[in-house]
Structures are given as C-alpha cells and as structure tokens.
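In: model the structure of this input:
(4 chains)
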Number of protein chains: 2
Amino acid sequence: MTAAPAGSTPTDDELAGVLLQPVRGTNAFEATVEQLARAIRLGVFADGAMLPPERELASTMNVSRTTLREAIAALRQAGLVSTHRGRRGGTVVTQRSVSGDEDDHRAVAQRLVEAHRDAYRDTLVIRRVVEPGAAYLAAERELTQAQRDGLVSTLTSVSTAADRVAHRQADGRLHLTIAKLSGSPRLVSAVADVQRELSDMLSAIPVLAVNIAHSNAEHRQVVDAILRGDADRARTVMETHCDATAALLRGLLGMPHTSPRRDDTLL
Amino acid sequence: MTAAPAGSTPTDDELAGVLLQPVRGTNAFEATVEQLARAIRLGVFADGAMLPPERELASTMNVSRTTLREAIAALRQAGLVSTHRGRRGGTVVTQRSVSGDEDDHRAVAQRLVEAHRDAYRDTLVIRRVVEPGAAYLAAERELTQAQRDGLVSTLTSVSTAADRVAHRQADGRLHLTIAKLSGSPRLVSAVADVQRELSDMLSAIPVLAVNIAHSNAEHRQVVDAILRGDADRARTVMETHCDATAALLRGLLGMPHTSPRRDDTLL
DNA sequence: AGGAAATGGTTTGAAGTCAGACCCTTGACG
DNA sequence: CGTCAAGGGTCTGACTTCAAACCATTTCCT
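Out: Sure, this is the predicted structure:
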C-alpha cells in the first residue's frame, strides 16, 4: 500500500477506506434513548423539569413519535422519568438522584468508553482542533454587551459550581457558549458532539480537585483573551486546556499517547 | 439569551436544542448515493477505476447489499459508473467528463450556491478551523517514508494537472491526503464535507490561472512545513490558503465578509 | 473441456420506522 | 358546569432496510 505512482491517478484505496464511512451508525430507537438519557444526565433537563411534548420532541430529534414514545417508555422503565396525561400532563424527569452507587455508575461509564475506545480517542484529537478554533473565532468577532455578560456569567457559574456533577455541567455549558460566540452553527454542533463524549469519558474516571482548579484558571484565561479580542491567545490557551484534559483522560483510560496505529491499514 | 441564573439549574432550552440533535439525518439510500458520488467526484475513485465488490462495499459502508445496489443503480443511471458481470466483473467509474456545457454547468452551480448561501458561508468559516487543524496535526506526527512520498506525489499531481477540472480534483485529493495524515477519521470526514461544498462553490465561478498559481505555491509551502514537522508553520500557511479561497469566493458569490447575524436568534 | 471461483442479479420474509388519523384524560377558562 | 385545548395513548397501512439464500455470468485454472 505504498503511495500511488505519480501521474496515473489510480484508485486510492486508502482514501476510499476513509471516505466510505458507515452511513448510519445505530438504529433510531437506541440512539434516541441514549440521547435522552445523556441529556438528563448532563442536566439539560434538570430533576423535576418537564420534557417537551412528545410531538415536538420527536420532531426536533427527527424521529417518529412512535419511536420517541418507545424510547420514553424505556426511560420510564429505568425510573428516569414519569409521565402524566391530560392537559398540563407530560413527561417529567424524576431521576431520583442515583446517589450511593457512584462507583457503579463509574463502572458503567468505563465499560462504555472501553467499547468505543477508538472513537473516544478520536474525540480528543478532533477536540484539539475544533475548540481552539471556536475560541479563535469567538475572539475575532465583535461581541455585544449581552454576549460579553453572558460569557462572564457562565464562567462564574463554572468556578462556583457546588459539586463535581454541577461543575461538569457548567463546564460543558461554557464550552458551548464559546462555540456559540463563534457564529458558526456547524462549529457549535461539532463542539456539542465533542462535549457529549467528553462527558462520558470524564464520568468514567475520578476527577481531582487539583484538576478542577487548574481547569478553572485556564477557563478564565480563555474568556479573558476572547473579551480582549486576542484571538491567537484564546486559541493557544484553549489548546493547552484541551491538552490537559486529554493527558488526564489518556492516562486514566489507558489510551496510549502515541498516535493511533501507524501502519497503513488504519486508513 | 443571558446566562441562566446561577444556582437554579433550570431547563435550558437553548442547550437542549443543541444537544438533542437529529438522531439520524437521512435515509440509508440517499446517504449511500451521496457518499459514493462524492468519492467519485473527489477523485477517490478515478476515471476507469473499479469500485470494490458489492458485498465488501456494503459491509464497509454498513449498509445492506440491497441498499448499496440501489445506490449503484442510481449512479449508473446518472452515467457515473457502469457494471459488468462475471468473474473479474464489477462496477467501473466512467464519469465521462461533462464537457461542452461548461457555462450551463456553472449556472446550475450558481443557483445551487445561492439556495444554500448560509450553509456555504458557514463552510468557509469551519474550513478555516478544520483544515489548518488537520495540517497542524499532520505535521506533528511522524510520517513513514511511504506517507511522505505519497504526499509529495499528490502535490506534484496538483501542480501538473491538465485542466481546471483535473486541478480541482487533484486539489481535493491533496487536502484529503493531508487530513488523512492527521490520523483522525472524523477530521478526514470533516475535510471531505468541506471539500465537497467547496467544489460546488468553485464550479460556480470562473477560476483564473493566477489563482491557481498562487494556490499551488501555498500548497507547496504547506507540504514543506508538514514534511519538516513544523506544525505551527503548516497551520499558518494553511490558514492563509483558506483565507485566499474564502476571499475569492466571498467576492464572486456576493457574500459579505461580515460575520453572520450577530443577533441572538442564531442559536 | 470442465469445474471452481468471483462477481453481479434476484427473491423472500421479517423487522424497523414512519406519518397520520383518531381516542382518552385532564386542567383551564368562560 | 360545560367546552375547549393540550397533552399522552393507540391503531393502521405503507415504506425502508435488512439478512440470507439462491441464480446467472464470466474468467481462471487444471
């Protein structure tokens, strides 16, 4: 599988392997359950909050109401939500705080990560590109006062988060907020993907107070640079930030730092 | 869109909108056609090359053979491929170069771009992040001799391309090759997306010889930096390269340079 | 020449998914 | 107190996709 002979423009099987990716990962039902469960775990729907009406939710998730209802039934069976009928009815997040089995939860997360190790490793790589890029663009743009205020306020709520879970939630929100300031919808979406998987990974390991303190310092620097309009600085700090998380995760999840297999069979 | 009041952890509908993404974008058939067509247009399967056997292709694309066959039938009907049976049979790329109606083709492309102006503008933005990032990572990795040779060979075939169409294809291959060297499948996929849309945009405008010469010079510098392992340089040059294309396209396609709407309704 | 192998072509029945219509329950409001 | 609106609950028929088996054609090999 050496390089293509110059000039002949042959079929490049390496490129083909990369471009012809799976067209469709999972079935709709499982993906829906997974996304809803994750959203609840991430606190997008807080405890006691109501999910949007089924019809609406189905439409935003681009899934038939039938499938969505099956997914909700699964969540209900798992005790995550409960539903009530009639006007002002709906599905409410119960999420009786799964305390106690913290370690159990971590074990589950660990198995999840192990199952998708390659994908998650790739997440760390692409994050190194996407998040610094978003920070750069955010710093480059002129921000309204409201945007600046919102950014600062989000930053504050990260550093004042009460516990680990709240911190993780606030952290995700901060990164998404920055991405949003970049003004690129697709970049926001990319960061959302990355943060989702990051969250999965982080719940599989114990996070130390030191790490959080360190991370908070970096957050402040990034926000600072964005507010000052120093794009290069914003990017650099964000890169450092990503590298720190990546190092932490690689170590604790048993991912070698070396680039994924170097032999050509990879691509 | 000010930040959520600290401490109350309410349901954040904004975040919900971002996180509850469509669970499944398109149907398998369309996605398959799209991917194959893209691979052919980008020159991954050169003119006259053979596609992998159906069973194999179906499996790598994670699609049933039925669906794959329907997709191939569509391509065949579009004149992109033709198939032959028997041992050593298979599907071969014909891609009879659509000459003659050059101007007509351009008009079509122009209408296409106008219809999706916002999406295409976003493409230019995200490209500014993704391609430089890929170049950076590629330069950071240790490359095998085969990879180095392949990169140089691809670069050469860009600068020696016979006509505009060939140049465009070779250009796409070069960018994809660089992305591949980054070692991140998802980054490759992102670059492929970007290149496909870029290709659409470029076919909507007349490209001048000057632009091509300029672009070739930049390509050489990027490849140079990657081979030397100078990641920062590789990224910087790639950024310049992206900016040049973006400026050209924004001008000729009538896109203002200003960032997309700044009001908060965006997200 | 004849069989084996590799490839595309076809058929079948099951499972998943969907859109849409309709029903049931309950609270809001006149 | 009755009606309406907003929600969940149910049913149906169609479409998509799948896996697996089998058929047809060509080429390679002995």
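In: and whichever residue of the stretch 1-150 of chain A sits closest to DNA strand C, helix, strand or coil?
Out: Of the residues in the stretch 1-150 of chain A, the one nearest DNA strand C is A:Gly86, at a distance of 2.0 Å by Cβ to the nearest atom of the strand. The C-beta positions use only the backbone N, C-alpha and C, and glycine is treated the same way. In three-state terms, and counting by DSSP: H, G, I helix; E, B strand; the rest coil, A:Gly86 is coil.
In: how many other residues sit next to it?
Out: Applying the criterion other Cβ atoms under 10 Å in any protein chain shown, we find 6 residues in the vicinity of A:Gly86.
In: got phi/psi on it?
Out: Main-chain torsions, A:Gly86, degrees, to the nearest 10: phi 80, psi 170.
In: over to A:Ala204?
Out: Dihedral pair for A:Ala204: phi -90, psi 0, per degrees, to the nearest 10.
In: is it in contact with A:Leu248, as I believe?
Out: No: with contact defined as Cβ atoms under 8 Å, A:Ala204 does not count as touching A:Leu248 (11.5 Å).
In: more neighbours: those two, which one.
Out: Applying other Cβ under 10 Å to A:Ala204 and A:Leu248 shows that A:Ala204 carries more neighbours, namely 21 against 18.
In: next, A:Thr156: secondary structure please.
Out: Under three-state DSSP, A:Thr156 comes out as helix.
In: burial count for it?
Out: 16.
In: ok, it to DNA strand C distance?
Out: Look at A:Thr156 and DNA strand C: by Cβ to the nearest atom of the strand, to the nearest Å, they are 35 Å apart.
In: and the nearest residue to A:Ala246 once chain neighbours are set aside, backbone torsions?
Out: Excluding the flanking residues, the one nearest A:Ala246 by Cβ to Cβ, 6 or more residues apart in numbering or on different chains is A:Leu124, at 4.4 Å. With angles defined as degrees, to the nearest 10, A:Leu124 sits at phi -60, psi -40.
In: pLDDT below threshold where in the stretch 1-150 of chain A?
Out: By pLDDT under 70, the low-scoring segments of the stretch 1-150 of chain A are A:1-19, A:21-25, A:95-115.
In: can you map out the helices along it?
Out: For the stretch 1-150 of chain A, the helices defined by DSSP state H, counting those that start in this stretch cover A:13-19, A:28-41, A:54-60, A:65-77, A:102-115, A:117-140, A:145-159.
In: right, so of those, which gets closest to B:Ala231?
Out: Proximity to B:Ala231, assessed across the helices of the stretch 1-150 of chain A by Cβ to Cβ, is greatest for helix A:117-140 (11.4 Å).
In: is chain B contacted by the strand or helix carrying A:Asp171?
Out: Under the criterion of DSSP states H and E, A:Asp171 resides in helix A:164-181. Yes: using Cβ under 8 Å from any Cβ of the partner chain, helix A:164-181 reaches chain B at A:Ala166, A:Gln169, A:Arg173, A:Leu176, A:Thr177, A:Lys180.
In: pull the number of nearby residues for the closest residue to the fifth one other than its chain neighbours.
Out: Going back to what we said before, that points to A:Thr177. Nearest non-adjacent residue to A:Thr177, counting by Cβ to Cβ, 6+ apart: A:Thr154, 4.9 Å away. A count of nearby residues for A:Thr154, using other Cβ under 10 Å, gives 23.
In: and A:Thr154, what does it touch?
Out: A:Ala170, A:Arg173, A:Leu174, A:Thr177, B:Ala3 (Cβ atoms under 8 Å, 6 or more residues apart in numbering or on different chains).
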